[in-house]
Each structure stands twice: as C-alpha cells, then as structure tokens.
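*Asks:* got a sequence here, can you build the structure:
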Amino acid sequence: MSLRTIYGRTFDEDIVLDAQSDVTCPECSGTVQTSSIETACEDCGVVFEDRPIDHGPEWRAFDEIERKERKRTGPPLTPIRHDRGLSSEIGFDHTDANGVHFSGRKRRQLARLRREHNRGRWPTKAKRNLAHGLSEVRRIVSVLDLPRNLRDFACRLYRTAAGEDLILGRSIEAMAAASVFAACRCEGLPRMLDEVGTVAAVSKDRVNNAYHVLNRELDLPAVPMDPVQYIPRFVSDLDLSGETRRRALALAREATDMGIVNGCRPTGVAAACVYEAAREGDEDITQVALAELADISTGTLRMQWKKLRA
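*Replies:* Numbers count the residues shown, from 1 in each chain. Purely as a prediction, here's the structure:
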C-alpha cells in the first residue's frame, strides 16, 4: 500500500527548471537554482532575478489544426467599451448548462448578483460617463449605418477627448455626436452635419460647437470634402437617371479643375451640378427639394448654379 498521495502538492514556482552548478552565490558561495518564477540561492535565499519574461506563444494549441489556426486565449481589446471589453456580464437566462430551470430562490439570487455586478463595473463617475458616451457613439453609428472601422475611430476620439478633459462643462451626447462627425471628416466619408444632428440627442448647433472644440483642441486631420463625393447620394435620393449622375460628376470635376469650388461649400457645388445635369436631361426637379436635401438655401443653390453656367 502506498504511503503518499498520488496527487502533486507542490506549486509551479517550486519546480526547479535549471540548476546552475557553474554559478555560485556571491554571498555564501552556495548553489544557484532557477525555478519558474525566480533565480535564487538555495543556501542563503538571496534572489537574483524574479518574474522572468515568458517568450512563448500567446495562443493555445492542443492539436495540429489549432496549431495552424493559432487561436488566442481571449478576444482582442476593443475601443468601443469603457473597459476595453475585459469585463464579464451575468446573463438573463433562467436555465443552467444542462437546460434545467432555476428555482425562484436561485433567480432572485442571480438578480441580486447581477445588480451588484453592474454597480461594480464603474469604479468612478468618470468611468460611468465614459461608458455612457461610448454607448451613445455606438447608437449614432448604428442609426447612420456607418462602417465598423469608423465606429472604432469615433470611440477612440471620444476616449481621447475624455482623457483631455474636454467633456467637462459640455454635454456627453453632443461630444459623442461630434466624435462621429469628426471621424467621418477625418476618413473622408461624405456625411453632413445635419444628418448627424438629426439622430443626435441634442441640437445641431451644440454638435457643431462640440466638433469645433474637438478640431481645435485635438488638431484633427480633417480633409476637405470633394463635391464629387456628394453627387451619388443626391442622385440616388432624388431617383434620377444614370446619365444625369454621369453628367453631374463631369460637371463637378470641371468645376474643381477651374477652381470654382475654392472657398465654397461642397454640398452647394454638388447640388448645383446635379441641378444643371437634371435640366440638361429634361428631368423634373425643383430647387427647393434639392436645397433641402443638401442642407443649403435656395439662394446658395442658384448662386452656385450661375457660377457653374458662367
């Protein structure tokens, strides 16, 4: 009969990896040993090095298929969450892993745990405000149907603004909407301020003010918009023909080469090109409808149209 247990009772740091017989301790001339956590003398206990860097792979592999795929140990960090996506959540399912329904007492216990868990997710008021702002950014991006990379960029902008204390004294909803509009401007996506202001929880003027703060304080790499980028949207929303679209694009390129668009609002030039192309194609379109779509006045549309015809 065996007198010892078959299970190991030692910790990982107690396992000796290397016994350096040629290296002696400078204190007592004893033997220096290296374990999985430190390098120390086994006689006097002097520690020479601890917490060695693990140079192994950061992915797990248990067979040849997983070794080729190189799966990581967890999901990557994401900028759209206040905690980078590292926190966990307690679900609302009323069944366990085997499909057995919880009792009423167990459901009440889970509800209390869920409530306390949600309270502990935000250690400070700043973290709670950051979570609210990032959720507002995700909502606006979802309503506008913007791409995922722009959503991540907008969340990074809002996080940077929060880190620079630009949120103090300003509305969280306004800064979130301004971050989405600033991301569109930096990525060259043709989105007007009126579109973002329509789906925002605040007025368009407050969004415009917050965008100017972001642009001034963060020195955003916003690129000037080209009238060519707005023409496909205007033609599609007004249900015009493909010939009108091609003619409007040609007019916009000619206006850019001639320098007519310098100092002018790009949406106004694009609307003037669409109006002129529609008139040449004998399509029924009104200045009021086109001006409302481009978020300009009818006077601006007529002025740009006269410059285009001159």
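*Asks:* select the longest helix from the protein.
*Replies:* helix 125-144 (DSSP state H).
*Asks:* check which residues of that one are buried.
*Replies:* If you call a residue buried by 16 or more other CB atoms under 10 Å, then helix 125-144 has these buried ones: 130, 133-134, 136-141, 144. From N, CA and C alone the C-beta is placed, and that goes for glycine too.
*Asks:* can you list these in CSV and add pLDDT and distance to Cys28?
*Replies:* Below are these laid out as CSV (pLDDT from 0 to 100; distance: CB to CB, whole Å):
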residue, pLDDT, distance to Cys28
Leu130, 90, 54
Gly133, 92, 59
Leu134, 92, 57
Glu136, 94, 64
Val137, 94, 61
Arg138, 93, 61
Arg139, 94, 66
Ile140, 94, 67
Val141, 93, 65
Leu144, 91, 71
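*Asks:* export those residues to CSV and tack on distance to Pro266?
*Replies:* As requested, those are arranged in CSV below (distance: CB to CB, whole Å):
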residue, distance to Pro266
Leu130, 34
Gly133, 29
Leu134, 30
Glu136, 27
Val137, 25
Arg138, 28
Arg139, 27
Ile140, 22
Val141, 23
Leu144, 19
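*Asks:* for those, which one is nearest Asp295?
*Replies:* Ranked by distance to Asp295 (CB to CB), the buried residues of helix 125-144 are led by Leu144 at 15.0 Å.
*Asks:* please name the residues that touch that closest one.
*Replies:* 180, 191, 195-196, 199 (CB atoms under 8 Å, 6 or more residues apart in numbering).
*Asks:* farthest pair in the residues you listed?
*Replies:* The largest separation in the contacts of Leu144, counting by CB to CB, is between Arg191 and Val199 at 10.8 Å.
*Asks:* on that earlier part again, using a markdown table, lay out the contacts of Leu144 together with pLDDT.
*Replies:* Below are these laid out as a markdown table (pLDDT from 0 to 100):
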| residue | pLDDT |
| --- | --- |
| Val180 | 94 |
| Arg191 | 84 |
| Glu195 | 85 |
| Val196 | 90 |
| Val199 | 90 |
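*Asks:* still on that earlier bit, out of the buried residues of helix 125-144, which comes closest to Arg151?
*Replies:* Distance to Arg151, by CB to CB, is smallest for Val141 among these, at 4.3 Å.
*Asks:* what segments of the chain are helices?
*Replies:* Secondary structure of the chain (DSSP H): helices at 64-69, 104-120, 125-144, 148-163, 172-187, 193-199, 204-218, 231-237, 242-258, 266-280, 287-294, 298-309.
*Asks:* per-residue confidence for the closest residue to Arg128 other than its chain neighbours?
*Replies:* Leaving aside its chain neighbours, Arg128 sits nearest to Trp122 (4.1 Å; criterion: CB to CB, 6 or more residues apart in numbering). Each residue has a pLDDT score; the one for Trp122 is 79.
*Asks:* do Val202 as well
*Replies:* pLDDT, read off for Val202, is 90.
*Asks:* now the spatially most central residue of the chain: how far from Gly242?
*Replies:* Nearest to the geometric centre of the chain sits Asp152, at 1.6 Å (CA atoms, centre = their mean). Separation of Asp152 from Gly242 (CB to CB, to the nearest Å) stands at 34 Å.
*Asks:* can you give me how far stretch 151-168 is from the chain middle?
*Replies:* With CA atoms, centre = their mean, to the nearest Å as the basis, stretch 151-168 stands 10 Å off its chain's centre.
*Asks:* and stretch 221-236, by the same measure?
*Replies:* 23 Å.
*Asks:* do stretch 124-139 as well
*Replies:* On CA atoms, centre = their mean, the centre of stretch 124-139 falls 13 Å from that of its chain.
*Asks:* do stretch 116-136 as well
*Replies:* Worked out by CA atoms, centre = their mean, stretch 116-136 lies 17 Å from the chain centre.
*Asks:* still on that earlier bit, which one of the buried residues of helix 125-144 is nearest Gly91?
*Replies:* Using CB to CB, Arg138 comes nearest to Gly91 of the buried residues of helix 125-144, at 20.1 Å.
*Asks:* what sits closest to that closest one if chain neighbours are left out?
*Replies:* Spatial nearest neighbour of Arg138, chain neighbours left out: Ile80 (6.0 Å); criterion: CB to CB, 6+ apart.
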